[in-house]
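Peer 1: Predicted structure and sequence below. I'll ask about it afterward.
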Amino acid sequence: MKRTLLASLLLLVLPYGAYAEEPAPLPEPPDLPPQVESGEVLEPEVTIIESEKGTIQEYRINGRMYMVKITPIAGPPYYLLDNDGDGEMDVRQEAHPGNIAIPQWVLFSW
């Protein structure tokens with residue numbers, strides 16, 4: 001009987017001891033790093049040219065065109081990229097058969 005009484009008292013008293021402890025204080029969050037400031041424009045400049053055949057969007061960063069999006073009236077839009085930075089839009093990689101030109105078409109968009 002004494003064992004049962006002692007066990008039941010311990011079961012009643014021990015949880016209160018655990019609740020009596022205050023949790024450790026949380027450390028202060030670290031300061032945010034300063035914003036990156038540079039002279040470069042982070043967003044590309046987009047020039048839109050509309051014609052009777054479709055729409056052409058030219059994308060430039062720092063005055064250099066790196067991509068052209070062509071949206072014909074009939075058919076899906078497609079892209080031409082300047083892969084090597086020489087200023088000419090690359091369509092085929094015939095000179096370098098080891099490089100694979102991956103089509104970069106938009107399949108789904110919301």
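Peer 2: Ah, there it is. Residues are numbered from 1 along each chain as shown.
Peer 1: any weak-confidence spans in this structure?
Peer 2: For the chain, applying pLDDT under 70 flags the ranges 13-21, 36, 38-42, 91-104.
Peer 1: dump the residue contacts of the residue of it most remote from its centre.
Peer 2: Relative to the mean C-alpha coordinate of the chain, counting by Cα atoms, centre = their mean, the farthest residue is M1 (67.2 Å). Counting by Cβ atoms under 8 Å, 6 or more residues apart in numbering, M1 touches no other residue. From N, CA and C alone the C-beta is placed, and that goes for glycine too.
Peer 1: what's the spacing between it and G87?
Peer 2: 96 Å (Cβ to Cβ, to the nearest Å).
Peer 1: Over to M67?
Peer 2: Taking Cβ to Cβ, one finds M67 at 13 Å from G87.
Peer 1: E45 reaches I61, doesn't it?
Peer 2: Yes. In this structure, E45 is within contact of I61 by Cβ atoms under 8 Å, at 7.4 Å.
Peer 1: how many other residues sit next to M67?
Peer 2: 17 (other Cβ atoms under 10 Å).
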